[in-house]
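Enquirer: Just need the structure, nothing else, for what follows:
(one chain, ligands or ions: 1)
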Amino acid sequence: MMKNYAFNSKPRVMLIYTGGTIGMIQNHTTGAFEAFNFDHLRANVPELNRFDYAIQAYQFDPPIDSSDMSPEVWKKLVKIINYNYDNYDGFVILHGTDTMAYTASALSFMLENLSKPVVLTGSQLPIGMLRTDGKENLITAVEIAAARDEEGQPMVPEVCVYFQQRLFRGNRTTKFSADNFNAFRSNNFPPLGHAGVDITYATELIRHPDRMLPLKPHFLLDTHVLAITLFPGLEEQLVRHLFAKELVKGLILRTFGSGNAPQHTWLANALKEATDAGKVIVNITQCQTGCVEMGRYETGRQLLDAGVVSGHNMTIEAAITKLMFLLGHYDDPRKVRYMMGQSLAGELDRK
Ligand code: ASP
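Expert: Numbering: from 1, shown residues only. Next up is the predicted model:
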């Protein structure tokens, strides 16, 4: 369900309120945070009315906790942005923090040729609470979505996450802390901007697609993907059982260090059999920073020989959503393997 609220005129920003802590209130009986509607949120941020912008809000009804986020909702977001694209200068998506990095990553692939800002934000404390971080996050995100450069072009035509003074490329982010206001990290890519007294932008890092190309919304995602974290003692029978499943088309292998795995013959064989059967297996590291380099140690090389492809320095969120996106678009696993190593929306660097 949708609700529309018009605030003002001038730069036009669309606020899409999906849910999350930012709009919640505390149930005084149970103590739990429960979703509330956009009226509540707006009442708590009267500052929005002071912007000389036209801000319109689209509310998910009911709002959702981001643990319930799904590819269906990503498609809905793409549809909303695509439908309203020409009428707004930028978009702000209010979202729960728990899966914000997944949504930001997915949207970065689904909104090809994006030439306007799509800024995701949320908060760790509900906006009605005295010490809330939500107000600053929301107000600054709106300002970033409306910001223009000297030529009058959108300052950050990317899907990004704004949180606690920092603006990140969305598909580089990871939720890092369950408690801190400073909840997000972009470990393998510097921030795109910083909000102090002024909002400053790292203009040399910001991607600028060809503005002549129209927005190309994508709606195809194949969710037959899994992620496995390697650990000492990983049981052969369980792995074989998983790999044998026909339903699994893509697998993210979260390896050690620079992309290493135990040297069991059974593991190399199981991986080889799975790739021969057409499954796409992508290697990303369990480390918070750094890049996969499968040729560096023997323990990584065997993965290369088994047909595993490098996920370079992608986050788990980017790797999973990109795999869904590519499997949704290409039937040929060789094409998917090749594309996993290419940067589609600035999500990886190769070594
Ligand atoms: N559980 C909430 C959510 O992700 C947490 C938050 O918004 O911070 O929707």
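
Enquirer: quick one, what contacts whichever residue of the chain sits closest to the ligand?
Expert: Proximity of the chain to the ligand (Cβ to the nearest ligand atom) peaks at residue 96, 1.9 Å away. Using the backbone N, CA and C atoms, a C-beta is placed for each residue, glycine as well. Residues in contact with residue 96 (Cβ atoms under 8 Å, 6 or more residues apart in numbering) are 18-22, 64-67, 69, 122.

Enquirer: Packing partners of the helix or strand hosting residue 168?
Expert: Of the helices and strands defined by DSSP states H and E, residue 168 is found in strand 166-169. Applying 3 or more Cβ pairs under 8 Å, 6 or more residues apart in numbering; DSSP states H and E, one finds that strand 166-169 contacts strand 159-163, strand 193-195.

Enquirer: how close does the residue of the chain closest to the ligand get to residue 242?
Expert: In this view, residue 96 and residue 242 are 29 Å apart by Cβ to Cβ, to the nearest Å.

Enquirer: Ok, residue 58 next?
Expert: The gap separating residue 58 from residue 242 is 40 Å, by Cβ to Cβ.

Enquirer: more crowded one of the two?
Expert: More neighbours surround residue 58 than the other of residue 58 and residue 242, with 22 against 14 (other Cβ atoms under 10 Å).

Enquirer: what's the distance between stretch 282-292 and the middle of its chain?
Expert: Distance of stretch 282-292 from the chain centroid (Cα atoms, centre = their mean, to the nearest Å) equals 17 Å.

Enquirer: In it, which residues are buried?
Expert: 282-285, 287, 291-292 (16 or more other Cβ atoms under 10 Å).

Enquirer: Show me which pair in those residues is furthest apart.
Expert: Greatest spatial distance among the buried residues of stretch 282-292 (Cβ to Cβ): 282 and 287, at 15.6 Å.

Enquirer: May I see the buried residues of stretch 129-143?
Expert: The neighbour-count check on stretch 129-143 (16+ other Cβ under 10 Å) flags 129, 132-143 as buried.

Enquirer: no, scratch that, I was asking about stretch 101-121
Expert: Neighbour-count burial for stretch 101-121, with 16+ other Cβ under 10 Å as criterion, is recorded at 101-111, 114-121.

Enquirer: same deal with stretch 51-60?
Expert: Neighbour counts using 16+ other Cβ under 10 Å place 51, 53-60 of stretch 51-60 among the buried residues.

Enquirer: So which of those residues sit within helices?
Expert: Judged by DSSP state H, helices contain none of the buried residues of stretch 51-60.

Enquirer: distance between stretch 264-279 and the chain's centre?
Expert: Its chain's C-alpha centre and that of stretch 264-279 lie 30 Å apart, by Cα atoms, centre = their mean.

Enquirer: residues making contact with that stretch?
Expert: Under the contact criterion Cβ under 8 Å, 6+ apart, stretch 264-279 has outside partners 234, 236, 239-240, 243, 248-251, 253, 261, 281, 302-303, 305-308, 333.

Enquirer: just to revisit the earlier point, please produce CSV containing the contacts of residue 96, extended by pLDDT, secondary structure and distance to residue 176.
Expert: Formatted as CSV, the contacts of residue 96 follow (pLDDT from 0 to 100; DSSP: H, G, I helix; E, B strand; the rest coil; distance: Cβ to Cβ, whole Å):
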residue, pLDDT, secondary structure, distance to residue 176
18, 95, coil, 21
19, 92, coil, 21
20, 91, coil, 17
21, 90, helix, 16
22, 89, helix, 18
64, 91, coil, 22
65, 92, coil, 19
66, 95, helix, 15
67, 96, helix, 17
69, 97, coil, 18
122, 96, coil, 14
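
Enquirer: if we can go back for a sec, next one: the strand holding residue 168 to chain centre, how far?
Expert: On Cα atoms, centre = their mean, the centre of strand 166-169 falls 12 Å from the chain's centre.

Enquirer: Does anything pack onto the helix or strand that that strand is followed by? Which helices or strands?
Expert: Later in the chain than strand 166-169, the nearest helix or strand by DSSP H and E is strand 174-175. Strand 174-175 sits against helix 100-110, strand 184-185, with contacts defined as 3+ Cβ pairs under 8 Å, 6+ apart.

Enquirer: ok, residues contacting strand 174-175?
Expert: So strand 174-175 is in contact with 97-98, 100-101, 183-187, 288, 315-317, going by Cβ under 8 Å, 6+ apart.

Enquirer: close to the ligand, is it?
Expert: No. Using Cβ under 6 Å from any ligand atom, we find that strand 174-175 stays clear of the ligand, coming within 8.4 Å at best.

Enquirer: Quickly run through the sheet partners of that strand, with directions.
Expert: strand 184-185 (antiparallel) (DSSP bridges).

Enquirer: How far away from the center of its chain is the partner strand?
Expert: Chain-centre distance of strand 184-185: 11 Å, with Cα atoms, centre = their mean.

Enquirer: Just the mean pLDDT for that strand, thanks.
Expert: Confidence for strand 184-185, expressed as mean pLDDT, is 97.

Enquirer: Number the chain from 34, please
Expert: All set: I'll call the first residue 34, so the last point we hit is now strand 217-218.

Enquirer: who touches residue 174 in this structure?
Expert: Residue 174 neighbours (Cβ under 8 Å, 6+ apart): 125, 152-154, 195.

Enquirer: before we move on, the earlier item: mark which of the buried residues of stretch 315-325 are part of strands, please.
Expert: 315-318 (DSSP state E).
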